[in-house]
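Q: Next come a sequence and a model predicted from it.
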Amino acid sequence: MTTHHASGRARGVLAVACGAALAAAALAPAAGAAATPVIQNVHFNFTYTHIEQEIGECLDVPFAIRHDGRSNARLQVRTHGTDGPEYFSLRYNTGDVYTNVETGESFTGTTSVREADLKVTEHGDGTITAVAASRATTKFHDPSGALIGIDSGRVTSTYLIDLMETADPEDDIVLAEEHSEPTGTSSLGGAGVCELAVEHLG
């Protein structure tokens with residue numbers, strides 16, 4: 001089963017998808033935010049195509065694969081009450097088509113990730129505790145639309161964070177973290193994209 005550690009403040013998924021610079025720009029404090037609760041939404045869409053003799057973590061697939069993908073991410077920052085602690089949430093979706101260049105055989109994969117702070121506690125000494133949850137579901141389908149397999153999981157995480165006395169989330173330091181045992185289901189039998197490519201595209 002694939003697991004995704006929740007990290008609303010670390011924004012790990014968004015950093016991978018858009019780059020740390022975009023994440024930092026997305027979280028810049030809004031003008032006039034100090035006086036009222038803030039609701040901030042940032043939305044990214046991007047597509048990508050490449051042909052390589054590899055796929056994901058597969059570095060030695062014995063045929064060329066075309067990978068056509070699309071991703072979108074929506075990041076929201078809000079406060080609970082005037083000048084309350086900031087809560088982060090992230091919705092991230094991808095759609096990928098993997099095609100054997102020589103034969104035209106293909107399969108698709110879709111992934112949906114939801115990460116959100118559940119509770120943020122300020123300790124009055126420049127540190128906070130953030131409890132966050134992450135849910136992720138990946139599905140693979142063959143060209144006819146039949147389900148090849150599904151991988152779904154959930155993790156709850158607790159972070160002790162030093163805000164470093166600034167409003168910039170990029171300089172926050174995680175002092176300690178704990179993650180729950182992942183829960184979920186998988187019908188892939190441990191197979192990843194590499195094994196699926198060899199099985200369905202070879």
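A: Good, I have the coordinates.
Q: quick one, strands of this protein?
A: 39-52, 65-79, 86-100, 106-122, 127-141, 147-162, 173-179, 183-186 (DSSP state E).
Q: Who are the packing partners of the second one?
A: Here strand 65-79 is seen to pack against helix 12-18, strand 39-52, strand 86-100 when contacts are counted using 3 or more Cβ pairs under 8 Å, 6 or more residues apart in numbering; DSSP states H and E. Any C-beta I mention is one placed from the backbone N, CA and C, and that applies to glycine too.
Q: May I see those organised as CSV, with distance to residue 176, mean neighbour count and mean pLDDT added?
A: As requested, the helices and strands packed on strand 65-79 are exported to CSV (distance: least, Cβ to Cβ, whole Å; neighbours: other Cβ atoms under 10 Å; pLDDT from 0 to 100):
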stretch, distance to residue 176, mean neighbour count, mean pLDDT
helix 12-18, 17, 19, 36
strand 39-52, 27, 12, 87
strand 86-100, 18, 19, 92
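Q: can you put those in CSV and add distance to residue 127?
A: Shown next, in CSV, are the helices and strands packed on strand 65-79 (distance: least, Cβ to Cβ, whole Å):
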stretch, distance to residue 127
helix 12-18, 20
strand 39-52, 23
strand 86-100, 14
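Q: about what we covered before: for the strands of the chain, give me TSV that also has distance to residue 199.
A: Below are the strands of the chain laid out as TSV (distance: least, Cβ to Cβ, whole Å):
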stretch	distance to residue 199
strand 39-52	19
strand 65-79	13
strand 86-100	12
strand 106-122	9
strand 127-141	11
strand 147-162	9
strand 173-179	31
strand 183-186	16
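Q: Relative to the whole chain's centre, how far out is the longest helix seen in the chain?
A: For the chain, the helix reaching the highest residue count under DSSP state H is reported as helix 193-201. Computed by Cα atoms, centre = their mean, to the nearest Å, the chain-centroid distance of helix 193-201 equals 23 Å.
Q: Counting by contacts, list what it packs against.
A: Helix 193-201 packs on strand 86-100, strand 106-122, strand 147-162, going by 3+ Cβ pairs under 8 Å, 6+ apart.
Q: make it 6 Å
A: Contact partners of helix 193-201 among helices and strands, from 3 or more Cβ pairs under 6 Å, 6 or more residues apart in numbering; DSSP states H and E: none.
Q: Output that helix as CSV - backbone C-alpha positions only.
A: Extracted in CSV, the C-alpha atoms of helix 193-201 (Å, rounded to 0.1, in the frame of the first residue of the first chain):
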residue,chain,number,x,y,z
VAL,A,193,4.2,1.4,-12.0
CYS,A,194,7.4,-0.4,-13.1
GLU,A,195,5.8,-3.9,-12.8
LEU,A,196,2.6,-2.7,-14.4
ALA,A,197,4.4,-1.3,-17.4
VAL,A,198,6.3,-4.5,-18.1
GLU,A,199,3.1,-6.5,-17.6
HIS,A,200,0.7,-4.4,-19.6
LEU,A,201,2.9,-2.7,-22.2
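Q: Fine by me, we can end here.
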